[in-house]
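1. Generate coordinates for the sequence data below:
(one chain, ligands or ions: 2)
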Amino acid sequence: MTKCDFTSVDAVWGNIARVVLPREVIAHRVKELAAQVADFYDGAELTILAVLTGSLIFLADLVRDLPLVMRLDVASASSYPGGSVRSEAFELLMPAKSDFEGKDVLIVDDILDSGQTLTRMVESVQASNPASVRTCVLLRKRRSDIVAGIEPDYVGFDIDDEFVVGYGLDYNHLYRNLPDICVLKPEALACDEGSDLS
Ligand code: IMP
Ligand code: MG
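-> Ligands and ions are numbered 1, 2, ... in the order given. From the prediction side, this is the model:
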């Protein structure tokens, strides 16, 4: 682990190696996803359950393109402790179960990686007798080590198995406010948790 400079925005954003998905491409695709979702739920009341914190920006863009009667709930899932790039521990905080009884629920998350988060979320919602449960992710990683994973109903982009940040996604709590989805320089993925030069 090395010490990294998190003391200025230039230093932090200087850790970006390249843009994987520019903001215009994301915006266009989010509108397409919203149109598919709106078509499917046409006439029904939709309950969205968003997974904090990574889905926040995607969620905000998606729901403003959904001309539906809609409720919004949030759950909190954390599977990446500190500066790791693979799920290790897992913690899920759901809203009250009764919220989903008889509802058409759409779970919205930023990225499908191992599939653990989405699988656990679906199981948890199913336990409260919803009318239906569907899933929507902005990104899906192509992982050769995962054979039969969960298949989301809506996927924005399939991406290579590399760690991405921006548009809500973080590394070590930083980079969520980048407008584009980017990969970091290798040395930026080897920072000591919480370290800085100060
Ligand atoms: P899973 O449970 O392994 O599918 O992991 C899903 C969660 O891990 C996502 O909701 C993200 O919060 C986080 N995650 C997975 N891959 C990345 C990544 O490349 N960048 C940032 N966060 C990620
Ligand atoms: Mg997440």
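2. for the record, mean pLDDT for the helix or strand harbouring D39?
-> Secondary structure from DSSP states H and E places D39 in helix 23-40. Here helix 23-40 scores 98 as its mean pLDDT.
3. Could you check that helix and say which residues are buried?
-> Of the residues in helix 23-40, I26, V30, L33, A34, V37 count as buried by neighbour count, 16 or more other Cβ atoms under 10 Å. (Each C-beta comes from the backbone N, C-alpha and C, glycine too.)
4. what's the closest of those residues to ligand 1?
-> Nearest to ligand 1 among these is I26, at 14.5 Å by Cβ to the nearest ligand atom.
5. so who does that closest one touch?
-> L138, G156, Y167, D180, I181 (Cβ atoms under 8 Å, 6 or more residues apart in numbering).
6. Alpha carbons of the helix holding D39, as CSV, please.
-> The C-alpha trace of helix 23-40 is given here as CSV (Å, rounded to 0.1, in the frame of the first residue of the first chain):
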residue,chain,number,x,y,z
ARG,A,23,-21.6,11.4,-19.7
GLU,A,24,-23.5,11.8,-23.1
VAL,A,25,-23.4,8.1,-23.7
ILE,A,26,-24.7,7.4,-20.2
ALA,A,27,-27.5,10.0,-20.5
HIS,A,28,-28.7,8.5,-23.8
ARG,A,29,-28.8,5.0,-22.5
VAL,A,30,-30.5,6.0,-19.2
LYS,A,31,-33.3,7.5,-21.3
GLU,A,32,-33.6,4.2,-23.3
LEU,A,33,-33.8,2.2,-20.1
ALA,A,34,-36.4,4.6,-18.7
ALA,A,35,-38.5,4.2,-21.8
GLN,A,36,-38.4,0.3,-21.5
VAL,A,37,-39.3,0.5,-17.8
ALA,A,38,-42.2,3.0,-18.5
ASP,A,39,-43.5,0.8,-21.3
PHE,A,40,-43.5,-2.3,-19.1
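7. Return the alpha-carbon coordinates of the helix or strand following that helix using CSV.
-> Of the helices and strands lying after helix 23-40 in sequence (DSSP H and E), the nearest is strand 46-52. Only the C-alpha atoms of strand 46-52 are listed here, as CSV (Å, rounded to 0.1, in the frame of the first residue of the first chain):
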residue,chain,number,x,y,z
LEU,A,46,-44.3,1.2,-9.4
THR,A,47,-42.3,1.0,-6.2
ILE,A,48,-38.6,1.6,-6.8
LEU,A,49,-36.1,0.2,-4.3
ALA,A,50,-32.7,1.8,-4.8
VAL,A,51,-29.5,0.5,-3.4
LEU,A,52,-27.5,3.2,-1.7
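8. I'd guessed R120 sits against A77; true?
-> Yes. Contact criterion Cβ atoms under 8 Å: R120 and A77 qualify, at 7.4 Å.
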